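> Generate coordinates for the sequence data below:
(one chain, ligands or ions: 1)
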Amino acid sequence: MTASFSLSPEAAEPRLQVARRTLERLRSVPALAPRYASHVNIHTLDRLATVPPLAKEDLNTALAHLEPAAEQAATWLFQSGGSTGAPQVGYAPTGFYMAGVHAHWQPLDRTDVFVNVWGAGRMWGAHFLAAALADLAGCRIIALGSVAPQEYGDWLAFLAARRVTAIGGTPSVLRLWFAHARAAGLRLPALRKVLWLGEAWQPQLAEDLAVVAPDARRWGMFGSTETWVVATNTPDCPADTFHPLPDQLVHADDDGLLDFTTLNPEMLNPVLRYRTGDAGELTACPCGRPGSAMRVLGRRDSVVQVRGLGLDVDELIARAERAPGVARAQVVLTERRGRATAVEVLLLTGGQGAAPDAERLRTELFAATFTLSTAFQHDPESFRVRPVEELVSNGRTGKTAGLVLREGA
Ligand SMILES: [Zn+2]
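The predicted structure follows:
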């Protein structure tokens, strides 16, 4: 019964008081109380497995009611994407729980020169949690954040001159760095460590790294703004396989979805069987480290990554289809080397009635979709809405999917 949890009953059950306290917090939220009414006294993993999973919307409902605050230090608000006009938020205390991560995972040491290229503004969390990890490692930190495309060349020359040994960022952003370096013939010979978080690892990144920084190896973290860092891996692990931290109880459901329950009493977000939308399984890692590892098999919900932010395709389509004159809508995401270059909403007009006002709808969707207005803040023209006579369908299957992915300029 309990093999679907990352920890054994002997290891997890004495620590379930945190989960019971989280349950009480969730029961105090009026909108959520009914669903938890019959769930009390979760003392065993089998009982925990009967608690209803928590979706992102539920967690945000709970946070809006609970407004948690850290016992010590400041409470930070970070964005967790969101499809509405305002960002949805997750909370964390200063330190971002990284001491617990560092106790089990030490990719950096005092000799490292670490470049942090996760973006540092707009309530993004990864930059700060990576900085907290580097702080614990006692290494040198270059807090670069995000840079404009025309700046890569100069910064790469600076980083080479500083003999940087480690870099950390979202895989799609790291790809921009290494693709640019490769194209420009630049090398980072001292680079040995690439820390990543936020998206799946990209094999093309390994190809560019082999040329630009042949001694560099990947060190991955898996997590979300709701759960914070759940699991980590090393260069010896497959890129899709992570070792859960002991404060994070990972569960693989019968339907193949992963959910997460915090065992950390300091966790501000009420993370109790929280589903990130990732599918996966618990397995043994080929690296040989004992214990249950978590293999991530991709997302199962309608959220796609657009420049590191989650875009809920189904919700965008639903909004477009509410506009007058729209029979059906479809989202076309164009990527170039793994980075979103454009998002287009195609409107199938057809039928009776007036043609839709595409420009007006474009303005509305852009303003109402936080991920779009943030991801395309510097190039809003890359989000388009266009009436068409037919949607894009798959010639092989004949199906017309809500989302079409294209590789292009
Ligand atoms: Zn491993």
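> quick one, what contacts L311?
Going by C-beta atoms under 8 Å, 6 or more residues apart in numbering, L311 touches G81, S83, V303, V304, Q305, L333, V343, T369, T371, L372, A375. Quick note: C-beta positions are derived from backbone N, CA and C, even for glycine.
> Now do L59 against G119, distance only.
Distance, L59 to G119, by C-beta to C-beta, to the nearest Å: 23 Å.
> Mind checking which of the two has more residues around it?
Neighbour count, other C-beta atoms under 10 Å: between L59 and G119, L59 has more, with 25 against 18.
> Could you find the closest non-adjacent residue to that one?
E226 (5.6 Å; C-beta to C-beta, 6 or more residues apart in numbering).
> In three-state terms, how would the one you found be classified?
Three-state assignment for E226 (DSSP: H, G, I helix; E, B strand; the rest coil): coil.
> residues touching it, list them.
Neighbour list for E226: K56, L59, S80, G90, N269, V271, Y274, T276 [criterion: C-beta under 8 Å, 6+ apart].
> swap in L54?
By C-beta under 8 Å, 6+ apart, the contact set of L54 is L26, A62, D259, P270, V271, L272, R273, Y274, R275.
> how about a cut-off of 10 Å?
L54 is in contact with 22, 26, 32, 35-36, 61-62, 226, 259-261, 269-275, counting by C-beta atoms under 10 Å, 6 or more residues apart in numbering.
> Pull out the buried members of those residues.
Among the contacts of L54, those scoring as buried are 22, 26, 32, 36, 61-62, 226, 259-261, 269-275 (criterion: 16 or more other C-beta atoms under 10 Å).
> Now name the helix or strand holding the residue in the stretch 1-150 of the chain that the ion sits nearest to.
Going by C-beta to the ion, the ion is nearest to W105 of the stretch 1-150 of the chain, at 11.0 Å. Using DSSP states H and E, W105 falls within no helix or strand.
> That one against L133, yeah?
Yes: between W105 and L133 there is a contact at 8.4 Å, judged by C-beta atoms under 10 Å.
> Pick out whichever of these two has more residues nearby.
A count of neighbours by other C-beta under 10 Å puts L133 above the other of W105 and L133, at 25 against 20.
> Ignoring the adjacent residues along the chain, who's closest to that one?
Excluding the flanking residues, the one nearest L133 by C-beta to C-beta, 6+ apart is M98, at 4.9 Å.
> can I assume that neighbour is in contact with T232?
No: assessed by C-beta under 10 Å, M98 is found out of contact with T232, at 11.1 Å.
> Name the residues contacting each of those two.
Shared contacts of M98 and T232 (C-beta under 10 Å, 6+ apart): W105, M221.
> picking up where we left off before, give me the pLDDT for the residue of the stretch 1-150 of the chain closest to the ion.
For W105, the model assigns a pLDDT of 98.
> ok, now how distant is it from F158?
28 Å.
> same deal with R110?
Look at R110 and F158: by C-beta to C-beta, they are 22 Å apart.
> next one: N269
Distance of N269 to F158, given as C-beta to C-beta: 37 Å.
> same question, G408
G408 sits 32 Å away from F158, going by C-beta to C-beta.
> Tell me which of those two has more neighbours.
Per other C-beta under 10 Å, whichever of G408 and F158 has more neighbours is F158, with 13 against 9.
> which outside residues touch the helix or strand encompassing that one?
Using DSSP H and E, F158 sits within helix 152-161. Identification of contacts with helix 152-161 by C-beta under 10 Å, 6+ apart yields 113, 115, 117, 142, 144, 147-148, 164, 167, 176-181, 183-184, 186-191, 212-213.
> next SSE after it?
Counting by DSSP H and E, the next helix or strand C-terminal to helix 152-161 is strand 166-169.
> Report all helices and strands that that following strand contacts.
Using 3 or more C-beta pairs under 10 Å, 6 or more residues apart in numbering; DSSP states H and E, the elements in contact with strand 166-169 are strand 113-116, helix 126-137, strand 140-143, helix 171-184, strand 193-196, strand 217-224.
> Is the closest residue to D236 other than its chain neighbours in a helix, a strand, or coil?
In space, and not counting its chain neighbours, D236 is closest to C287: 3.9 Å by C-beta to C-beta, 6+ apart. Put simply, C287 is coil when judged by three-state DSSP.
> In contact with C287, which residues?
Contact analysis of C287 by C-beta under 10 Å, 6+ apart lists N233, T234, P235, D236, C237, P238, T241, H243, A293.
> Tell me the one of these nearest E71?
Ranked by distance to E71 (C-beta to C-beta), these are led by H243 at 28.3 Å.
> Among the helices and strands packed on strand 166-169, show me which one is buried the most.
Sort the helices and strands packed on strand 166-169 by mean neighbour count, taking mean count of other C-beta atoms under 10 Å, and strand 193-196 sits at the top with a mean of 24.
> any idea how far the helix or strand that that one is followed by is from the chain center?
The element immediately downstream of strand 193-196 (helix or strand, assigned by DSSP H and E) is helix 203-212. With C-alpha atoms, centre = their mean, to the nearest Å as the basis, helix 203-212 stands 22 Å off its chain's centre.
> Which residues does helix 203-212 contact?
With contact meaning C-beta under 10 Å, 6+ apart, helix 203-212 is reached by 156, 160, 171-172, 174-189, 191, 194, 196, 202, 215-218, 239, 337-338.
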